[in-house]
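# Make a model of this:
(2 chains, ligands or ions: 2)
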Amino acid sequence: MNLIQIRNITKVYDMGEEKLYALRGVDLDIGQNEYIAIMGPSGSGKSTLMNIIGCLDTPTSGDYILNGKDVHEMDDDELAAIRNKEIGFVFQTFNLLPRSDALHNVELPLIYSGLNKSERIKKAEESLVNVGLGDRMKHKPNELSGGQRQRVAVARALVNNPSIILADEPTGNLDTRTGEEIMALFKELNLKGNTIIIVTHEEDIAKHANRIVKIRDGKIESDTSKKKAE
Amino acid sequence: MNFFLEIKENIVISYKAIIAHKMRSFLATLGIVIGITAVTLMQTAIEGINRAFESSIASVGADVLYVQKFEWFGTEDFEYYRNRKDLTMQHFEYLKKNSQTAVSICPSVATAQTVKYGSLDLENVFVIGSTDEYQKTLGVNMDDGRFFTAKESEGGYPVCAIGMDVKNAFFQNVNPIGKDIKVGSYSFRVVGVIEKQGSMLGLFSLDNRIIIPIERFFKQFGTKRSLSINVKAMDVNNLDETKEEVTSIMRKARKVPIGNKSDFGVNQQSAFRDTYNQLTSLIKIIGLLITSLSLVVGSVGIANIMFVSVKERTKEIGIRKAIGAKRRTILMQFLVESTVICLLGGIIGLMIAFPISLIIDAFVLPTAMPLWVVVLGLFISLLFGVLSGFFPAYNAAKMDPVDSLRYE
Ligand SMILES: Nc1ncnc2c1ncn2[C@@H]1O[C@H](COP(=O)(O)OP(=O)(O)OP(=O)(O)O)[C@@H](O)[C@H]1O
Ligand SMILES: [Mg+2]
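Numbering: from 1, shown residues only, chains lettered A, B, ... in the order given. Ligands and ions are numbered 1, 2, ... in the order given. Presented below is the predicted three-dimensional model:
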């Protein structure tokens, strides 16, 4: 069975007078260990879809089965637990806590899963070392470069060993070279077995993925898998 | 997530948030500071007044009935009391003969006189005439010498026991025992000094007195005054029984017809206590209203700041939710923050109130800030922290993660 099963999902924003259809019936299946890029013009519904996949948002209609569980049935706390344990989010704007240092930012998901302090520190340090920031743990976000901030965000997304990594334009605020560094990290993760879904505008970034889903006006326009280069 | 772990983490978070906005947090908690200062100072003052009252009322004696012409806190019209007859030695003797439940009984009568010793004189000394049983009945302890004896009492000897004020006025460096003091033109030999008794509610001294045999008193100052007949009950727990007995004996002695109201009062300490409680409960209620008003104002201040704080940290709330914070966790985070702010306010309030209570103790009336007031102060700040933080925290907890992440 597929890790992610999405059936005829819609998302409608009620703007008073008129309704705004951000997603108009999306079907999507994503298997374990896939590496998918979602592409499409601005406003086409990419972020909306990502937020639904990441259990940050709920669809207006349609079904979403994650790992065999119907997300529709879950309450707020269960969704929070899924976001905490199953999913690692990486955002275009990093979304780090500005007053906390790198270590604390990475530690945060572990606080919410109730680990004790020493375990938390150990895992958070490991995770930061993994993304090459072993020497920047005590730095606050404003003392780090954009690429370093995004790597902190990746370390945070990974620290709880989630099976799915969701990245919404993770390289959007980075220069090409730093973007490539982040993409290399994702590649590595994918090789280790994680499922990776990224949203991007850039063909260069998308080519890292094994499958490209194109969206237009809230609908899937094309879905192409490329043969893995042996 | 474990509850205590959560509290601990949240205290760290709120500490950081408060440090980041020191001035704002301080201003927010100012109302609580003032409220807690007011609450604790008021309680401390009440404690002081209570202590003053207790030490004063101790001299009245919990186990003593005072049979007198009038009730202490009578509420009837003057007409009702006007035609009462005086209490006399006959009444006293009749009561003494017939009472079963009294340990000791003494009559007393008093007048204010100028007392002289050599060239020194002391005005307005309370001169009390009584019997030797005065000592036992009213629980008088001697500082020096002895009380006068039964023989001296019956014979109306010119002897006296003096209060501490009299001793201090006349006998600074001299042993008073055996000295003669003069009341009017009559001499009295001092046989003892009564232990210091303090003052009645700080108003008048209980040590500014001398006690002489009642027979002598009558000879010198006449017999026209109505007596107080003082009855010490065998058991303070059976005071009511003694009171009934005394009342019925006195009614017989004074020939009060059955069905008529008694024409005398049987007074006791609790009359003071009741009146005192009536008075202070009014003060307490007014004080409570004023202080709780300041606390409410304070908590509105905190709530206001918390709403601002939540709004400002919308993005932070979004981030926390995105990585797995539950509603309850966010709720707790802001509840803990407002509670910590209020507690800090409470602690500051206590730190202000404590030295003031020392000043009150030193200069106004003897008091101390009791521990329970400190605990109460902290508890109230805790309570108001939770109350004023609840709605802002609830707002934060139910924020939509996607919306709050988008918030700039
Ligand atoms: N909270 C909201 N209220 C109303 N409309 C919204 C809301 N969120 C998104 N939309 C609308 O839904 C549509 C899809 O938005 P979405 O953010 O998914 O686009 P996107 O594909 O991620 O675009 P971009 O590439 O610019 O990030 C847009 O037209 C947007 O205006
Ligand atoms: Mg987007």
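# Next, the residue nearest the centre of chain A: secondary structure please.
For chain A, the residue nearest the mean C-alpha position is A:Leu166 (1.4 Å; CA atoms, centre = their mean). Assigned by DSSP: H, G, I helix; E, B strand; the rest coil, the conformation of A:Leu166 is strand.
# Confirm for me that it is in contact with A:Met50.
Yes - at 5.6 Å, A:Leu166 counts as touching A:Met50 under the criterion of CB atoms under 8 Å. (Each C-beta comes from the backbone N, C-alpha and C, glycine too.)
# Identify the contacts common to the two.
Contact criterion CB atoms under 8 Å, 6 or more residues apart in numbering or on different chains; residues shared by A:Leu166 and A:Met50: A:Ile197.
# List the contacts of residue 7.
Using chain A. Contacts here follow CB under 8 Å, 6+ apart; on that basis A:Arg7 touches A:27, A:62-65.
# Chain B, not that one
Neighbour list for B:Ile7: B:332, B:336 [criterion: CB under 8 Å, 6+ apart].
# quick one, what contacts the residue nearest to the centre of chain A?
Contacts of A:Leu166 by CB under 8 Å, 6+ apart are A:50, A:53-54, A:87-90, A:197-198.
# and if you look at B:Ser205?
Counting by CB under 8 Å, 6+ apart, B:Ser205 has contacts B:163, B:165, B:198-199.
# which residues does it form a beta bridge with?
Listed by DSSP bridges, the beta-bridge partners for B:Ser205 are B:Ser199.
# how near is it to ligand 1?
Plainly put, B:Ser205 is 81 Å away from ligand 1 if you go by CB to the nearest ligand atom, to the nearest Å.
# how about stretch B:106-117: buried residues?
Neighbour-count burial for stretch B:106-117 flags B:106-110, B:113, B:115-117 (criterion: 16 or more other CB atoms under 10 Å in any protein chain shown).
# Out of those, name the ones that lie in strands.
Counted as lying in strands by DSSP state E, out of the buried residues of stretch B:106-117, are B:106-110, B:113, B:115-117.
# For chain A, just list every one of the helices.
Listed in chain order, the helices of chain A (DSSP state H) span A:46-53, A:76-85, A:102-112, A:117-130, A:146-158, A:176-192, A:203-206.
# Which of these sits closest to chain B?
The minimum distance between chain B and the helices of chain A falls on helix A:76-85, with 2.4 Å, by CB to the nearest CB.
# And chain B, is the closest one touching that?
Yes - Helix A:76-85 lies within reach of chain B by CB under 8 Å from any CB of the partner chain, at A:76-77, A:80-81, A:83-85.
# The residue in chain B positioned nearest to ligand 1: neighbour count?
At 6.3 Å from ligand 1, B:Asp403 is the closest residue in chain B, using CB to the nearest ligand atom. Close neighbours of B:Asp403, defined as other CB atoms under 10 Å in any protein chain shown, add up to 11.
# pretty sure it belongs to a helix, no?
Yes - according to three-state DSSP, B:Asp403 belongs to a helix.
# does the nearest residue to it once chain neighbours are set aside sit in a helix, a strand or a coil?
Spatial nearest neighbour of B:Asp403, chain neighbours left out: B:Gly318 (7.5 Å); criterion: CB to CB, 6 or more residues apart in numbering or on different chains. Classification of B:Gly318 by three-state DSSP places it in helix.
# ok, B:Gly318 - how many residues close by?
B:Gly318 has 22 neighbours, counted by other CB under 10 Å.
# Is it in contact with B:Ile330, as I believe?
No - using CB under 8 Å, B:Gly318 is not in contact with B:Ile330, being 10.2 Å away.
# Need the overlap of contacts for these two.
B:Met399.
# After the helix or strand hosting B:Ala45, which helix or strand is next?
Using DSSP states H and E, B:Ala45 maps to helix B:22-57. Going down the chain from helix B:22-57, the next helix or strand is strand B:64-68, by DSSP H and E.
# And the contacts of that next one?
By CB under 8 Å, 6+ apart, the residues outside strand B:64-68 that reach it are B:72, B:87, B:91, B:95, B:137-138, B:226, B:228-233, B:239, B:242-243, B:246, B:250, B:264-269.
# ok now do residue 59, which residues does it touch?
Chain wasn't specified; assuming chain A. Neighbouring residues of A:Pro59 by CB under 8 Å, 6+ apart: A:9-11, A:23, A:52.
# other chain: chain B
B:197-198, B:200, B:206.
# 7 Å instead, please
If you count contacts by CB atoms under 7 Å, 6 or more residues apart in numbering or on different chains, B:Ser59 has them with B:197, B:206.
# contacting residues around the nearest residue to A:Gly31 once chain neighbours are set aside?
Residue nearest to A:Gly31 in three dimensions, not counting chain neighbours: A:Asn2, with 5.1 Å by CB to CB, 6+ apart. By CB under 7 Å, 6+ apart, the residues touching A:Asn2 are A:29-31.
# low-confidence ranges in the chain?
All of this is about chain A. A:227-230 (pLDDT under 70).
# To clarify, I was referring to chain B.
Checking chain B against pLDDT under 70 turns up B:1-2, B:201-203.
# Any chance you could note which residues of it sit beside chain A?
Proximity of chain B to chain A (CB under 7 Å from any CB of the partner chain) is limited to residues B:1-2, B:5, B:9, B:16, B:20, B:316, B:319, B:321-327, B:329, B:401-402, B:405.
# any chance you could map the helices in chain B?
Listed in chain order, the helices found in chain B under DSSP H are B:3-20, B:22-57, B:78-82, B:89-98, B:134-137, B:150-155, B:164-170, B:214-221, B:239-253, B:269-312, B:314-322, B:327-363, B:371-397, B:401-406.
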